[in-house]
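Engineer: predicted model, plus sequence, below.
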Amino acid sequence: MTSATDTYALLRAFVDELARCGMRAACTAPGSRCAPLVLSLAREPRLHCYSHVDERCAGFFALGLAKASGLPVAVACTSGTAAAELLPAAIEAHEARVPLLLLTADRPPELREVGAGQAIDQLKLYGSAAKWFFDVGTHDAGERSLAWVRTLACRAYATALEDRPGVVHLNFALREPLVPDETLPHDYSGRPDGRPFAARAHARAAPAAGEAADARRAPSQNADAAAALTALVAGAQRGVILAGREERLAQPGERSVAELAAELAARAGWPLLADPLSRAVAQHGLGKMTIHDGEFKKGLSLIEASTRTYPLALAYRNLAVFWNSEGDSAKTERYIQKALALDPEDPYNLIFAAAFMAGTGHGDEALKIARENESLLPASYNLAAVYAQTGQREKALALLRRHFFEYEHYRSVRAKEMMEARVDAVFASLREDPAFVALTSGADGRLPLPGRTMGAGAGANR
């Protein structure tokens, strides 16, 4: 075989092994020296390959893909300063614990440090931002080399994903010609059953000094950490749990950090606050916007996915709203109970439940809850729902006015809220009321009028 055929045979085996390990996406940037890398990635049918006009775009797009999937994404680029353009994405991936596999093309050894064009020192180019760097070198495509390159792919994938996820940088020295002039021979070097060539044992070593400990440590380490946390909680008079971003998805058989945080909060009796950038909060907000834009089932799916990642009373309340609008009383009740179970004394949960109780023959009980909590400004919409369903028109209109013009400060949100009130079943008794029509005259008109209703409290803080 020619040197180009050797290169492509090795890269074909390398990319095949990445796909066997679980990689599903790669990003590429243009260049001649990286042609073997780019073509090998693009020819692998199990990878969705995204082509970008420059390296910085490719790096950050790959970062987003890896954040969304929790799986390593490959980025391939040409040699020289092009490779340096991936540094911002590498730093971001390191800080956010996102698995990335950076594949940089390089000049072969004889063209380094001799003034060749588009050649810089690419060894350990990303410094401490990379978990692991390896200079791949040049090799023929013999049986031992094919086995070795498959092992390299497995190690690179596992290193990017496991323990503290992050960046792996592989630097490929590629000689001309960069395009083969003969058909590649069949490759029999992979395992016939489709499994990866090599698998890393699941035992975890202790984290290096300065690194955050991983949840999947040895059992004795987890037991020590759990004991220390238990002692900390038991010794505190009060506390709060702040849930930040969880960039790495839980692996099969592993509980997510969000689930564990919710369980700890429930056992300790502490409030649990979610970072606005957390995956679950983002999915919940996107789901609500998607529903309001007319894609009801897609939006509902996003909100339900958010509760699996991060159980949030607000999300459960909205799910109860939307399933009620679909006429599924069993799911409506289940999500109301889930919200109450997270915090049975939360007045917003109680008022939300009361809005449904008022429409199901429990008006006196619902009114008692509403009267006890009438001063809560953020609960104005659901308080109005209770009074509207129990025949107290003036009280309902006053609370809706308070919701629209005292609680909501942004015109665009207010327009959505008014539209939701117009289609909400809990205000059916007011729909033809001139005062209600005037009060909701700023509605944005983007939801279909009844027939299909949206249920009790479809808005922002319900």
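Structural biologist: Arrived safely, thanks for sending. Fair warning: this is a prediction, and the values are worked out from it, not measured in the lab.

Engineer: switch to C-alpha atoms for all contacts and neighbour counts from now on
Structural biologist: Fine.

Engineer: which pLDDT value belongs to residue 203?
Structural biologist: Listed pLDDT for residue 203 reads 33.

Engineer: just residue 190 next, same as before
Structural biologist: pLDDT, residue 190: 91.

Engineer: just the element for the closest residue to it other than its chain neighbours, please.
Structural biologist: Nearest residue to residue 190, sequence neighbours excluded (C-alpha to C-alpha, 6 or more residues apart in numbering): residue 197, at 6.4 Å. Residue 197 is part of no helix or strand when elements are defined by DSSP states H and E.

Engineer: would you quantify the distance from residue 197 to residue 17?
Structural biologist: 7 Å (C-alpha to C-alpha, to the nearest Å).

Engineer: out of the two, which sits in the more crowded spot?
Structural biologist: residue 17 (26 against 21; other C-alpha atoms under 10 Å).

Engineer: quick one: the strands in this structure?
Structural biologist: 25-28, 48-51, 73-77, 100-106, 130-135, 167-173, 241-243, 272-274 (DSSP state E).

Engineer: return the most buried member of those strands.
Structural biologist: strand 73-77 (a mean of 30; mean count of other C-alpha atoms under 10 Å).

Engineer: mind listing what it pairs with, with the direction of each?
Structural biologist: With DSSP bridges as the test, strand 73-77 is paired with strand 25-28 (parallel), strand 100-106 (parallel).

Engineer: now distance to residue 242 and mean pLDDT too, for the ones you listed, in JSON lines please.
Structural biologist: Listed next are the strands paired with strand 73-77 as JSON lines, based on distance: least, C-alpha to C-alpha, whole Å; pLDDT from 0 to 100:
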{"stretch": "strand 25-28", "distance to residue 242": "32", "mean pLDDT": "96"}
{"stretch": "strand 100-106", "distance to residue 242": "27", "mean pLDDT": "97"}
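
Engineer: residue 242 is in contact with residue 273, correct?
Structural biologist: Yes. With contact defined as C-alpha atoms under 8 Å, residue 273 reaches residue 242; the gap is 4.9 Å.

Engineer: any idea how the protein splits into domains?
Structural biologist: Taking automatic domain parsing as the reference, the chain has its domains at 3-173, 218-310, 345-439.

Engineer: hey, least reliable of those domains by pLDDT?
Structural biologist: domain 218-310 (a mean of 73).

Engineer: pull the contacting residues for residue 80.
Structural biologist: Contacts of residue 80 were listed using C-alpha atoms under 8 Å, 6 or more residues apart in numbering, and they are 106, 118, 119, 120, 121, 122.

Engineer: circling back: any chance of the strands of the chain in a markdown table, with distance to residue 410 too?
Structural biologist: Listed next are the strands of the chain as a markdown table, based on distance: least, C-alpha to C-alpha, whole Å:
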| stretch | distance to residue 410 |
| --- | --- |
| strand 25-28 | 39 |
| strand 48-51 | 38 |
| strand 73-77 | 39 |
| strand 100-106 | 39 |
| strand 130-135 | 43 |
| strand 167-173 | 41 |
| strand 241-243 | 27 |
| strand 272-274 | 23 |
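
Engineer: tell me which of the domains of the chain sits nearest to residue 187.
Structural biologist: Closest of the domains of the chain to residue 187 is domain 3-173, at 7.5 Å (criterion: C-alpha to C-alpha).

Engineer: before I go, just wanted to say thanks for your time.
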